[in-house]
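*Asks:* coords below, sequence missing:
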């Protein structure tokens, strides 16, 4: 079988990976020289801890296992089974962590409640003030800026993979051919469109309006910390954001502890992970209303710096990068992804939201299974 994949972000690349793994030939079309969207502009976290139960958690856990297996074969991914810590500062936050431990799927997530001293034994860089921390053993990380490059190098080595950059897919002809903006036609047995947040143009022409929206975020990266940050780190605002933490205890937190006004205004939480070069990737904000701003705002960065420094107990290294990114999210946020057959032999796969980096290997595996590859 020959598979045409459009879009070389992490979702498209994982579809190419699974097709090649099953012995098929892949032609991979990308409109840029390499992917430039949300697949690079993220934390690189394989984030199990906050996922909703059921299909979403099952997908994240399967993807986490797939990431580990692929990472063993492709060292350039920088896979690390680092886990995560969410420090809590008071009884209201602690109660949310304790409620998470009472979930029937808590063991599958690797949840454990640690004292402050136990948390510092796991991550000695956390010298600030907090009372306890929720540990999630199943969380992990990869390097988002290089992951697609490493996967592509491994795919090219198979001899079954062709990468065609700087080509925009303009039309799908019949059920098995794609015409690019150079007028060349690429024909296979199946076409998978993994277009990310590009929801107009070709996607609109062949699928119409789909139940997927675009979400914008701001993030930043520091100079090297000068010591290991041995886990990823979240703050208690992540309890308000991720569905795994919904409980009466969370209702009490929302009622009894006001969120910082900047965090409210920008729909913020702290997530932080250390890159292989020692720098910290820190975020993030959420913007849903269109048109999106074209510039970044400083107040969210200042808020995140205050929160991070309170956990580290030290000044943050110099910020060397700030950026914004846009990702695609199903409007029904309980759906893991929007997977739609738009023509005979043609499928559109988009809208994983903030789950794209985490869940992409399992999303692509499900597509391959459903299509009978």
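*Replies:* Thanks, I have the structure now. The model shown is predicted, which means the values in this text are computed figures rather than measured ones. Numbering: from 1, shown residues only.

*Asks:* ranges for the helices of the stretch 51-200 of the chain?
*Replies:* Per DSSP state H, counting those that start in this stretch, the stretch 51-200 of the chain carries helices over the ranges 55-73, 91-101, 106-109, 116-122, 144-156.

*Asks:* how close does the residue nearest the centre of the chain sit to residue 41?
*Replies:* Nearest to the mean C-alpha position of the chain, by Cα atoms, centre = their mean, lies residue 357 at 3.2 Å. Residue 357 sits 10 Å away from residue 41, going by Cβ to Cβ, to the nearest Å. To be clear about C-beta, it is placed using only N, CA and C from the backbone, and glycine gets the same treatment.

*Asks:* overlap in contacts of these two?
*Replies:* Counting by Cβ atoms under 8 Å, 6 or more residues apart in numbering, the shared contacts of residue 357 and residue 41 are residue 144.

*Asks:* the residue most distant from the middle of this structure, which is it?
*Replies:* Relative to the C-alpha centroid of the chain, counting by Cα atoms, centre = their mean, residue 183 is the outermost residue, at 33.8 Å.

*Asks:* does residue 307 really touch residue 268, like I thought?
*Replies:* No. Under the criterion of Cβ atoms under 8 Å, residue 307 makes no contact with residue 268, lying 9.1 Å away.

*Asks:* Which one's more surrounded, these two?
*Replies:* Neighbours per residue (other Cβ atoms under 10 Å) separate residue 307 from residue 268, with residue 268 holding more: 26 against 21.

*Asks:* State the helix or strand in which that one lies.
*Replies:* Using DSSP states H and E, residue 268 sits in no helix or strand.

*Asks:* Same question for the one 5 residues further on.
*Replies:* Of the helices and strands defined by DSSP H and E, residue 273 is found in strand 271-274.

*Asks:* Just the residues contacting that strand, thanks.
*Replies:* The contact list for strand 271-274 (Cβ under 8 Å, 6+ apart) reads 43-45, 47, 82, 141, 225, 228-229, 232-234, 238, 280-284, 308.

*Asks:* what's the angle between the helix or strand harbouring residue 14 and helix 55-73?
*Replies:* For residue 14, the element it lies in under DSSP H and E is helix 10-21. Counting by axes from the mean of the first three to the mean of the last three Cα atoms, to 10 degrees, helix 10-21 points 60 degrees away from the direction of helix 55-73.

*Asks:* contact partners of helix 10-21?
*Replies:* 1, 3, 5-6, 26, 28, 30, 35, 39, 70, 147-148, 151-152, 155, 158, 160-161, 192, 194, 196, 337, 349-350, 352, 356-357, 360-361, 363-365, 367-368, 373.

*Asks:* How about it, which residues are buried there?
*Replies:* Neighbour-count burial for helix 10-21 flags 10-21 (criterion: 16 or more other Cβ atoms under 10 Å).

*Asks:* does residue 50 really touch residue 237, like I thought?
*Replies:* No. Judged on Cβ under 8 Å, residue 50 makes no contact with residue 237 at a distance of 11.4 Å.

*Asks:* So which of those two has more stuff around it?
*Replies:* residue 50 (26 against 22).

*Asks:* How about the contacts made by the more buried one?
*Replies:* 234, 238, 241-245.

*Asks:* Please report how far it lies from residue 113.
*Replies:* Separation of residue 50 from residue 113 (Cβ to Cβ): 16 Å.

*Asks:* Also residue 253?
*Replies:* 16 Å.

*Asks:* Of those two, give the one with the bigger neighbour count.
*Replies:* Remark: of residue 253 and residue 113, residue 253 carries more neighbours, 25 against 16, as counted by other Cβ under 10 Å.

*Asks:* Just checking: what are the partner strands of the strand holding residue 273?
*Replies:* strand 232-234 (antiparallel), strand 280-283 (antiparallel) (DSSP bridges).

*Asks:* Please identify the most buried of these.
*Replies:* Among these, strand 232-234 has the highest mean neighbour count (mean count of other Cβ atoms under 10 Å), at a mean of 27.

*Asks:* quick one: contacts of that one?
*Replies:* Here strand 232-234 makes contact (Cβ under 8 Å, 6+ apart) with 43, 45, 47, 49-50, 82-87, 123, 126, 139, 141, 269-273, 308, 311.

*Asks:* among those, which are in strands?
*Replies:* Cross-referencing the contacts of strand 232-234 against strands under DSSP state E gives 45, 84-87, 141, 271-273.

*Asks:* would a markdown table of those residues with pLDDT and distance to residue 200 be doable?
*Replies:* Output for the ones in strands among the contacts of strand 232-234, formatted as a markdown table (pLDDT from 0 to 100; distance: Cβ to Cβ, whole Å):
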| residue | pLDDT | distance to residue 200 |
| --- | --- | --- |
| 45 | 95 | 29 |
| 84 | 98 | 36 |
| 85 | 98 | 40 |
| 86 | 98 | 38 |
| 87 | 98 | 42 |
| 141 | 97 | 33 |
| 271 | 97 | 29 |
| 272 | 98 | 34 |
| 273 | 98 | 32 |
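
*Asks:* What about the residues you listed, which one has the most neighbours?
*Replies:* Counting neighbours by other Cβ under 10 Å, residue 86 leads the ones in strands among the contacts of strand 232-234 with 31 neighbours.
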